[in-house]
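*Asks:* Here's my sequence, what's the structure:
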Amino acid sequence: KMRREYIPDPIGFANFLQPQSYRAYVNYVIRPSYALHRDMGLLRRTTSGQTLDADMSFQNFFSGRLLWDESMASHAYRWVRDHPGGVMVGLVGADHVKFQLGVQGRFERFAAAAAAGEGGGELGNVSVLLNPTLIDSRPSGSISGLLRSDSARNPGGLTLQLRYVKEGLDMDGSEEGLRLPDNTGGVLSLADYIVISA
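*Replies:* Reported below is the predicted structural model:
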């Protein structure tokens, strides 16, 4: 029963992690986030305030991130489903929005499953990234030294799409092979909308 409370759709949850697009998302968004948290000394304390003897492992960080995104998405989905005509605005951190595979992608998974089942109506969601910086759209450490990389005043340098390779390709870390157009499986957009205030 407790598992269903945290993961209401265990099969969908597991399947969501399988595509190549999700693996690219993990390497581009979650692994750099882990490294940044480590470098800032934030991995020795849990969200409940417990102090750890050593840094939290990537596996534990990743597991917590999955549950956090799943929880936000499932609660948002249930609210929208239970309030027809209502509008929900969720304010979440950039890492939970960018490239569609955080809260947004999980919400869409719940909505698609409901639409395919009994009595499911169409429910949608839109991602809006507010004042993104270069740091928000690129892997940690890839832009160190760039002037104003932490400012939204340089939107021309944002990475707007994350490319991933086709399913089943084993590139063995070959950077050259990853760049070949024929190996592209698709792209994930940074967000549906990007708002940059003056």
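
*Asks:* All the strands of this structure, in order from the start?
*Replies:* 128-130, 161-165, 184-189, 193-195 (DSSP state E).

*Asks:* Give the buried residues for stretch 187-198.
*Replies:* Leu188, Leu190, Ala191, Ile194 (16 or more other CB atoms under 10 Å). The way it works is simple: take the backbone N, C-alpha and C, and place the C-beta from them, glycine included.

*Asks:* Gly124: which of those is nearest?
*Replies:* Nearest to Gly124 among the buried residues of stretch 187-198, counting by CB to CB, is Ala191 at 14.6 Å.

*Asks:* residues contacting that closest one?
*Replies:* Applying CB atoms under 8 Å, 6 or more residues apart in numbering, we find Ala191 in contact with Val97, Lys98, Gln100, Ser127, Val128, Leu129, Pro132.

*Asks:* Identify the spatial nearest neighbour of it, chain neighbours not counted.
*Replies:* Leu129 (3.9 Å; CB to CB, 6 or more residues apart in numbering).

*Asks:* likewise Ile7?
*Replies:* Using CB to CB, 6+ apart, the closest residue to Ile7 is Phe13 (5.0 Å).

*Asks:* Let's have the strands of the chain in a markdown table, adding mean pLDDT and distance to Leu42.
*Replies:* Output for the strands of the chain, formatted as a markdown table (pLDDT from 0 to 100; distance: least, CB to CB, whole Å):
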| stretch | mean pLDDT | distance to Leu42 |
| --- | --- | --- |
| strand 128-130 | 88 | 22 |
| strand 161-165 | 80 | 24 |
| strand 184-189 | 83 | 26 |
| strand 193-195 | 89 | 27 |
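
*Asks:* Local confidence estimate at Glu122?
*Replies:* For Glu122, the pLDDT comes out at 70.

*Asks:* And stretch 19-29, how far out from the chain middle?
*Replies:* 9 Å (CA atoms, centre = their mean, to the nearest Å).

*Asks:* got the buried residues for it?
*Replies:* Ser21, Tyr22, Ala24, Tyr25, Val26, Tyr28, Val29.
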